[in-house]
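Student: Provided below are the primary sequence and the corresponding predicted coordinates.
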Amino acid sequence: MSTDTPEVLVDLADGILRISLNRPKSMNAVTTEALDAVADALDKHADDRSVQAVLLTGTGKAFCTGADLAASKDKIGGPGPADASTIDAANRAAAALRAFPRPVVAAVNGPAAGVGVSLALAADLTVATESSYLLLAFTRIGLMPDGGATALVAASIGRARALKMALLAERLPAADALDAGLIAEVYPDATFAADVEALLQRFVHGPSEAFAATKSAINDATLGQLDPAFERERAGQLDLLVSPDFIEGVDAFLAKRPAVFGR
């Protein structure tokens, strides 16, 4: 059974629910609609006992390079309050990944930036190609991390490294992310698809109830701050979305020039 939307591909076969961000021309930069489609697919199949594992990945050369700023340019800097729709959709997608009652594998097949990091880390096992990297790029455009990233990153690698990653907005190569404990495994690019498939098959043929109970217990023990993080990030981001620094950051990003903050 398969159902396609323009921005997200969803396929359920042989016990695996495969969800692929499908905006390769924009390096899988996501819109509100794409994020909602991810959450919709997870919600739809949450009670489907035929699903033994979920795969979240991206088509093309990227996993997800964050929110699509070009698509939302007309909403930026306009009159009235900031638009929270993309923030809410990101939070909903991350929460659905965490809450899904079967193991979720995020296969980071290329760059994961911005909210792409949030989606990757909300999965239960995050695996990546050797050539991929993670980047909390938010401060580059005058924003703060969202999609639960402030909790998801810190829960894995601690306060000091989470702050460095979020404040300095530097690329973290996959090998370094593995060494830091941020992701579960790094596979060679050449064998990535086969390695991910082998991992998924372990869930398909393993003790599903034990997997479910283990996922729930560890997530409950380590991600108790995820829901409060959603709220804190939403409030902070809404203030930043109407700031001069954000407007300058987006203008600079779209013009492919360095941003000049504090004007």
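Tutor: Received the coordinates, thanks.
Student: could you use CA atoms for every contact and neighbour count after this?
Tutor: Fine.
Student: buried residues in the helix or strand containing residue 178?
Tutor: Residue 178 belongs to helix 174-180 when assigned by DSSP states H and E. Using 16 or more other C-alpha atoms under 10 Å as the test for burial, helix 174-180 gives 174, 175, 177, 178.
Student: read off the pLDDT value for the last one.
Tutor: This means residue 178. At residue 178, the pLDDT value in this model is 98.
Student: my guess is it contacts residue 184, does it?
Tutor: Yes: assessed by C-alpha atoms under 8 Å, residue 178 is found in contact with residue 184 at 6.3 Å.
Student: need the nearest residue in space to residue 91, chain neighbours excluded.
Tutor: Counting by C-alpha to C-alpha, 6 or more residues apart in numbering, residue 91 lies nearest to residue 147, which is 4.7 Å off, once chain neighbours are set aside.
Student: now the one you found: how far from residue 137?
Tutor: Distance, residue 147 to residue 137, using C-alpha to C-alpha, to the nearest Å: 13 Å.
Student: repeat that for residue 54.
Tutor: Separation of residue 54 from residue 137 (C-alpha to C-alpha): 27 Å.
Student: can you list the buried residues in the helix or strand where residue 238 lies?
Tutor: Assigned by DSSP H and E, residue 238 belongs to helix 226-240. The neighbour-count check on helix 226-240 (16+ other C-alpha under 10 Å) flags 226, 229, 230, 231, 233, 234, 237, 238, 240 as buried.
Student: can you show me the helices along this protein?
Tutor: 32-45, 85-99, 115-122, 149-157, 159-168, 174-180, 192-204, 208-222, 226-240, 244-255 (DSSP state H).
Student: please identify the deepest-packed of those.
Tutor: A comparison of the helices of the chain by mean neighbour count, using mean count of other C-alpha atoms under 10 Å, puts helix 115-122 on top with a mean of 29.
Student: not counting it itself, show me its contacts.
Tutor: Residues outside helix 115-122 that contact it (C-alpha atoms under 8 Å, 6 or more residues apart in numbering): 56, 63-67, 90, 93-95, 97-98, 106-108, 112, 126, 134-136, 145-149, 152-153, 182-183.
Student: can I get it in PDB? Just the C-alpha atoms.
Tutor: Backbone C-alpha positions of helix 115-122 (Å, rounded to 0.1, in the frame of the first residue of the first chain) are rendered in PDB as follows:
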ATOM      1  CA  VAL A 115      14.600  21.400  12.000                       C
ATOM      2  CA  GLY A 116      16.100  18.500  10.000                       C
ATOM      3  CA  VAL A 117      18.300  17.900  13.100                       C
ATOM      4  CA  SER A 118      15.200  17.900  15.300                       C
ATOM      5  CA  LEU A 119      13.400  15.300  13.100                       C
ATOM      6  CA  ALA A 120      16.500  13.100  12.900                       C
ATOM      7  CA  LEU A 121      17.100  13.100  16.700                       C
ATOM      8  CA  ALA A 122      13.400  12.600  17.500                       C
END
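Student: and residue 188, how many neighbours does it have?
Tutor: Using other C-alpha atoms under 10 Å, residue 188 is surrounded by 12 other residues.
Student: no further questions, thank you.
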